[in-house]
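Asks: need coordinates for the following:
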Amino acid sequence: MAQKFGNARWVKEGYLDNRIADSVVGQITFAVLGPVDFFLSGNLSGEIAGKVIQFRNPKFLDDPYAGEFLEDFAIPHIGKVSMLAFDPHPLVSPHPYFEWFSLDQQHYRIELEPDDAWIVMESEWESITGESQRIREALVPRLGT
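Replies: Sure, this is the predicted structure:
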């Protein structure tokens, strides 16, 4: 069963950067845990492939109860993309859908409302590039592939 992070209420904000093929790096802020660096092998899908996306969850709840569910969540977080898309399935309305597996095969999923995520304009990439490079350099050697 996938961990949905309390129906996304334990996910505050973050970004995912797929400007380098077959790698998605970024940072997601969770309740209790704070910011967590990510490196996932794979790509964003559809209109967001090869782009940088950001998201912010207006339903975020910094619930101390989240710690009981997230205590085993790997920090930093390394894994493999299952699906990272804004339009995940033709039978459901488009919405941000982020699904991946950790290195130890834990299955995770975050679903947000349509307006909670957006593509970052190229003119704004500079503010993310340094952080993405830091994460990539730190975590690529740990990917284990």
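
Asks: which residues in the chain form helices?
Replies: Assigned by DSSP state H, the helices in the chain fall at 66-70, 126-139.

Asks: show me what the first one packs onto, helices and strands only.
Replies: The criterion is 3 or more C-beta pairs under 8 Å, 6 or more residues apart in numbering; DSSP states H and E, and there are no helices or strands that helix 66-70 contacts. Where C-beta positions appear, they are placed from N, C-alpha and C, glycine not excepted.

Asks: how about the longest one?
Replies: The contact analysis (3+ C-beta pairs under 8 Å, 6+ apart) places helix 126-139 against strand 11-17, strand 23-30, strand 34-41.

Asks: buried stuff in the helix or strand bottoming out on mean pLDDT in the chain?
Replies: Between all helices and strands in the chain, the lowest mean by mean pLDDT, DSSP states H and E belongs to helix 66-70, at a mean of 84. For helix 66-70, burial by neighbour count (16 or more other C-beta atoms under 10 Å) applies to 66, 69-70.

Asks: which residues of the chain score low on pLDDT?
Replies: For the chain, the stretches flagged by pLDDT under 70 are 1-7, 143-145.

Asks: that older thread, got TSV for the buried residues of helix 66-70, with distance to residue 47 too?
Replies: Below are the buried residues of helix 66-70 laid out as TSV (distance: C-beta to C-beta, whole Å):
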residue	distance to residue 47
66	31
69	32
70	30
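
Asks: looking at the residues you listed, which is nearest residue 26?
Replies: Using C-beta to C-beta, residue 70 is the member of those that lies nearest residue 26, at 17.4 Å.

Asks: I figured the closest one hits residue 28, correct?
Replies: No. Using C-beta atoms under 8 Å, residue 70 is not in contact with residue 28; the gap is 11.5 Å.

Asks: hang on, the earlier thing: which of the helices and strands packed on helix 126-139 sits closest to residue 140?
Replies: Here strand 34-41 is closest among the helices and strands packed on helix 126-139 (C-beta to C-beta), at 6.6 Å.
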